[in-house]
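>>> based on what follows, work out the 3D shape:
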Amino acid sequence: MTSSKMKYLKIISLLLLPHGILQAQLHVQNNAIFWVGQEVTVSVGGDVSNDGSLENGGTITFTGDWNNTNTYIDDGTIEAIGSVPQTIANLDQNIATLIVNGMDITLEGNTVLITEELAMTNGNVQLGANTVLIIADTASITGGSPDAFIIGTVIQRGTGPKFYPIGIDDRYMPLDLLDVSGTSDIEMAISLGLFNGIEPFAGRHAIGVSDYHFWQLETLVGTFNGSPVKGTFQNADLRLASIPIENTSFRWAKSINAILESPNLEGPYTDLDIEFSSDPDETTFGTIITSDTVTQQFLAVGLQADVPEGGVLFVPTAFSPRAMLDDDQRLKVFAQLMNTDDFKFSVFNAFGVEVYKADYLEATTNGWDGNHKGKEQPSGSYRFFVKFVDDNDNPRRQSGTVLLIR
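Just a heads-up that it's a prediction; the model follows:
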């Protein structure tokens, strides 16, 4: 037997034993085979390069770069533990378990398929320009934190719960699809982006949308029927959420932190029923869980009106035709979720004379300017009455007083 064959057999016998092997570098030459047996850990204090055949049934830890140019057969674990950024290029071959436990790593290649587990312990994962990261339906992503997240698009296969520990820049904004429903061959891709100058606008029940960031959901294969979600936002000031003109009636309303959905990036973003929301006073960091299933392509964080059952109706307590702000110069009614056809608003002076009456459109857009039959009405207290049908088709009445200030 030649000395090279003896050396090869010696390496194989060592790696079949349940103990650790220390290597300064690991280079598998062309036509050579390197086999790591079960319960064996090979610790490489540098680069791993494979130009031959690397068969991993145990664990390989490495502090440098990983470069596979030939055959990699993986039923084991590879763990990146470098103190400087590392690169993994695996020639589009599967990785069973990848542990990120050092500094940042970059995944290179066209496709990186994880078949068992991607463990985000410490360090971010950056995807190369043409790299696609896929988590098989037999695999999962664990860990994730502000110090360990994925930058780029993550694709997961299959139904059930799916965790996406994604971030952008220095911001960690993970998204959980709590129960993906759809076809068994489904592939869902999720990425995180910044609006970058786009001003999203709010729709139903939404007070405003933070122009800070958005999640994008895309169905690549199969049919996505929806999923409730859990989203975490970081470094976003929801108090600065943009408020569209058509939703000024919600400026006064009590609000809660919310995840909003939209079929378009610009909006409108509409409300979702919420199972849990972080403290509304915490407007820069929080976690939100929806009870509704998300079906739209774009999600954003924002503020959602805490709308009472039956609708919202608000009449200011004072107004002045000489006020600086236009909205304060007229008595307008702010209303949502009611039958506009059965709406009547009336204002009476102290003598019981009706000085103003209006339907829904007039009362909510123009309002009373303080005049009656072309004459200015004096300062003082006036009585208003509102008759309407709420969103549940229940007839309702509301009355109160308003102060006219000249």
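
>>> can you name the next helix or strand after the strand or helix carrying residue 27?
Secondary structure from DSSP states H and E places residue 27 in strand 26-28. Toward the C-terminal end, the helix or strand that comes next after strand 26-28 (DSSP H and E) is strand 33-36.

>>> tell me the buried residues in that next one?
Buried residues in strand 33-36, counted by 16 or more other C-beta atoms under 10 Å: 34-36. (Each C-beta comes from the backbone N, C-alpha and C, glycine too.)

>>> same question, stretch 293-312
Burial within stretch 293-312, assessed by neighbour count using 16+ other C-beta under 10 Å, is assigned to 293-294, 297-307, 311-312.

>>> now swap in stretch 146-153 and tell me
148-153.

>>> gap between the two ends of it?
Length of stretch 146-153, first residue to last, C-alpha to C-alpha, to the nearest Å: 17 Å.

>>> return the distance of it from the chain's centre.
13 Å (C-alpha atoms, centre = their mean, to the nearest Å).

>>> what residues does that stretch touch?
Residues outside stretch 146-153 that contact it (C-beta atoms under 8 Å, 6 or more residues apart in numbering) are 100, 120-127, 131-133, 164-168, 172, 174, 189-191, 234.

>>> let's see that with 6 Å instead.
120, 122-127, 165-167, 172, 189, 191 (C-beta atoms under 6 Å, 6 or more residues apart in numbering).

>>> neighbour-wise, which of these leads?
Counting neighbours by other C-beta atoms under 10 Å, residue 125 leads the contacts of stretch 146-153 with 25 neighbours.

>>> what's the nearest residue to that one if we skip its chain neighbours?
Among residues not flanking residue 125 along the chain, residue 150 sits closest, at 4.7 Å (C-beta to C-beta, 6 or more residues apart in numbering).

>>> so the one you found bridges to which residues?
On the basis of DSSP bridges, residue 150 is bridged to residue 125, residue 166.

>>> likewise for the one 5 residues further on?
Taking DSSP bridges, one obtains residue 134, residue 189 as the residues bridged to residue 155.

>>> low-confidence ranges, the protein, go.
Along the chain, segments meeting pLDDT under 70 span 1-21, 23, 239-254, 307-312, 336-337, 391.

>>> all helices of the stretch 301-406 of the chain, in order?
360-365 (DSSP state H, counting those that start in this stretch).

>>> quick one: the strands in it?
Residue ranges of the strands in the stretch 301-406 of the chain, as given by DSSP state E, counting those that start in this stretch, are 312-314, 318-319, 334-336, 338-348, 354-358, 371-372, 375-376, 380-390, 395-404.

>>> coming back round to it: reformat the buried residues of stretch 146-153 as JSON lines; add distance to residue 178.
Output for these, formatted as JSON lines (distance: C-beta to C-beta, whole Å):
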{"residue": "148", "distance to residue 178": "21"}
{"residue": "149", "distance to residue 178": "19"}
{"residue": "150", "distance to residue 178": "19"}
{"residue": "151", "distance to residue 178": "23"}
{"residue": "152", "distance to residue 178": "22"}
{"residue": "153", "distance to residue 178": "20"}
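
>>> in the residues you listed, find the pair that's most separated.
148 and 153 (17.6 Å; C-beta to C-beta).

>>> show me what contacts residue 364?
Counted by C-beta under 6 Å, 6+ apart, residue 364 has contacts residue 333.

>>> same thing with the one 3 residues further on?
Residue 367 sits next to 330-332 when contact means C-beta under 6 Å, 6+ apart.

>>> mind giving me the ChimeraX command for buried ones among the residues you listed?
This is how ChimeraX selects the buried members of the contacts of residue 367, with burial counted by 16+ other C-beta under 10 Å:
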select :330,331,332
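
>>> could you chop the protein up by domain?
7-305, 312-404 (automatic domain parsing).

>>> need the winner for burial among the ones you listed.
Ranked by mean neighbour count, the domains of the chain are led by domain 7-305 with a mean of 18 (mean count of other C-beta atoms under 10 Å).

>>> give me the contacts around stretch 331-345.
249, 311-315, 319, 358, 360, 363-364, 367-368, 386-391, 402.

>>> in the sheet, who's paired with the residue most central in space within the chain?
Geometric centre of the chain, nearest residue: residue 215, 4.4 Å, by C-alpha atoms, centre = their mean. Judged by DSSP bridges, the bridge partners of residue 215 are residue 192, residue 299.

>>> which helices and strands does the helix or strand hosting residue 99 pack with?
For residue 99, the element it lies in under DSSP H and E is strand 95-101. Judged by 3 or more C-beta pairs under 6 Å, 6 or more residues apart in numbering; DSSP states H and E, strand 95-101 is in contact with strand 77-80, strand 111-122.

>>> residue 282 and residue 256, how far apart?
11 Å (C-beta to C-beta, to the nearest Å).

>>> how about the contacts made by residue 396?
388, 390.

>>> okay, and the beta partners of it?
With DSSP bridges as the rule, residue 396 is bridged to residue 388.

>>> same deal with the one 5 residues further on?
According to DSSP bridges, residue 383 are recorded as the beta-bridge partners of residue 401.

>>> could you shift the numbering so residue one becomes 11, and keep it that way?
Okay, using 11 as the starting number, the last item reads as residue 411.

>>> isn't it right next to residue 394, touching?
No - contact status for residue 411 versus residue 394: not in contact, 7.3 Å apart, counting by C-beta atoms under 6 Å.

>>> counting contacts, what elements does the helix or strand hosting residue 235 pack onto?
For residue 235, the enclosing helix or strand under DSSP H and E is strand 234-236. Packed against strand 234-236, as judged by 3+ C-beta pairs under 6 Å, 6+ apart, are the following elements: strand 185-192.

>>> and the angle from the strand it packs on to strand 308-315?
Relative orientation of strand 185-192 and strand 308-315, computed by axes from the mean of the first three to the mean of the last three C-alpha atoms, to 10 degrees: 110 degrees.

>>> which strands or helices does strand 185-192 pack on?
Contacts defined by 3+ C-beta pairs under 6 Å, 6+ apart place strand 185-192 against strand 170-174, strand 234-236, strand 239-244.
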